[in-house]
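**Student:** Structure for this input, please:
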Amino acid sequence: MLLTGHRGFAGQSILSHLRDTGAWRAATLPDKFDIRSPELTSVLRAIRPDAVLHLAALSSVAGSFRDPDEFFSVNFHGTWNLLKALRDTGFGGRLIYVSSGDCYGAIAESTLPVGECVPLKPRNPYAVTKVAAEALCYQWSQTEKIDAVIARPFNHIGPGQDERFVIASFARQIARILAGAAPPQLRCGDLTVTRDFTDVRDVAGAYLALLRAGRTGEVYNIGSGRETRVGDVLAMLIEIAGIEVEPSTDPRMLRADEQRRVVADVAKIEKHTGWRANIPMHRTLTDTLEYWKAKVANE
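**Tutor:** This next block holds a predicted model:
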């Protein structure tokens, strides 16, 4: 299997999952390799993968507003370059394109839990690039006979996630408080919004389930199917840490167009593959906090 984007949060979890299960032997692109490079065809010819899990992408929503051209170039044209290289090297396996639950954008509460057939209303350039690349993969599954399956993961969390993301930010701040490196105050955004959180290790298993049993050209939500308040996750982290912390709203962390509620309908992936999220939130948060405690200790 070729895994693109192996150095990212999900990519590292997938590599660990593959090592633990022995389900596939993973090949990766050279470090800092540009997915848009014309050399991709020769690289694939040398690797000759029997499956591809395509995660390589730019993923910062804020960054996509600053440089939408670069995001479109990497996320859309990079995927196009990969598809062409697969075709030109005679690839006969399955491609999993990893999109994002952010493609749904403005979700009406009446549609929750949100299913794969809900119209997409992306609200940032990053999500637009993902919608475009999804459409490209679907088109190639129909006209170029590439066995492409599209995954739409919702918020995945766990050890190794960058502190730019909300739960990792909480865990790092708490780890610094525990280490005596910061006062018992925690900066946060809106704690009343809800999200569908899934352990990244469960998400890795979902991708492999789609490789095995997903259906060509189909889109699959990946999530827990549970709606959780961000404030409840923070409260659980504080309880695990065993400390008293005063949350403080930072206006810079608030979004004017914040989606109030998010939860995925995951019936389709469960029906087609048997996959479901299994790792309890308490374990996810415990492992995440331990990761940040170790990281803070080495800062």
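
**Student:** Let me know the pLDDT of R226.
**Tutor:** Among the per-residue scores, R226 holds a pLDDT of 98.

**Student:** from what I can see it touches V263, true?
**Tutor:** Yes. In this structure R226 lies within contact range of V263 using C-beta atoms under 8 Å: 6.8 Å. From N, CA and C alone the C-beta is placed, and that goes for glycine too.

**Student:** more crowded one of those two?
**Tutor:** Between R226 and V263, counted using other C-beta atoms under 10 Å, the more crowded position is V263 (21 against 16).

**Student:** what residues do R226 and V263 have in common as contacts?
**Tutor:** Counting by C-beta atoms under 8 Å, 6 or more residues apart in numbering, the shared contacts of R226 and V263 are D196.

**Student:** F76 against V131, yeah?
**Tutor:** No. Look at F76 against V131 with C-beta under 8 Å: they stay out of range, at 9.5 Å.

**Student:** buried stuff in the helix or strand of the chain with the lowest mean pLDDT?
**Tutor:** In the chain, no helix or strand scores lower on mean pLDDT, DSSP states H and E than strand 246-249, which sits at a mean of 90. Buried residues in strand 246-249, counted by 16 or more other C-beta atoms under 10 Å: P247.

**Student:** Relative to A56, how far out is D31?
**Tutor:** Applying C-beta to C-beta, to the nearest Å, the value for D31 to A56 is 12 Å.

**Student:** Just want to know which of these two has more residues nearby.
**Tutor:** A56 (23 against 7).

**Student:** measure that one to N81 for me?
**Tutor:** Distance from A56 to N81, by C-beta to C-beta: 10 Å.

**Student:** list the residues that contact both of these two?
**Tutor:** The overlap between the contact sets of A56 and N81 (C-beta under 8 Å, 6+ apart) consists of I35.

**Student:** and stretch 195-209, how far out from the chain's middle?
**Tutor:** Centroid separation for stretch 195-209 versus its chain: 8 Å, with C-alpha atoms, centre = their mean, to the nearest Å.

**Student:** what's the least confident helix or strand of the chain packed up against?
**Tutor:** Judged by 3 or more C-beta pairs under 8 Å, 6 or more residues apart in numbering; DSSP states H and E, strand 246-249 is in contact with strand 185-188.

**Student:** Next, the residues that contact the following helix or strand past the strand it packs on from outside, please.
**Tutor:** Using DSSP states H and E, the helix or strand that follows strand 185-188 in sequence is strand 194-195. Residues outside strand 194-195 that contact it (C-beta under 8 Å, 6+ apart) are 154-155, 227-230, 260-263.

**Student:** Then stretch 229-239?
**Tutor:** With C-beta under 8 Å, 6+ apart as the test, stretch 229-239 has contacts from 166-167, 170-171, 174, 186, 188-195, 197, 244-245, 247, 281-282, 285, 288-289.

**Student:** Could you rerun that using 7 Å?
**Tutor:** 166-167, 170-171, 174, 188, 191-195, 197, 245, 247, 281-282, 285, 289 (C-beta atoms under 7 Å, 6 or more residues apart in numbering).

**Student:** For it, output the C-alpha coordinates as PDB.
**Tutor:** Extracted in PDB, the C-alpha atoms of stretch 229-239 (Å, rounded to 0.1, in the frame of the first residue of the first chain):
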ATOM      1  CA  ARG A 229     -20.100  19.400  23.700                       C
ATOM      2  CA  VAL A 230     -16.500  20.800  23.500                       C
ATOM      3  CA  GLY A 231     -17.000  22.000  27.100                       C
ATOM      4  CA  ASP A 232     -17.700  18.400  28.200                       C
ATOM      5  CA  VAL A 233     -14.500  17.200  26.700                       C
ATOM      6  CA  LEU A 234     -12.600  19.900  28.500                       C
ATOM      7  CA  ALA A 235     -14.200  19.000  31.800                       C
ATOM      8  CA  MET A 236     -13.200  15.400  31.300                       C
ATOM      9  CA  LEU A 237      -9.600  16.400  30.500                       C
ATOM     10  CA  ILE A 238      -9.500  18.500  33.700                       C
ATOM     11  CA  GLU A 239     -10.900  15.600  35.700                       C
END
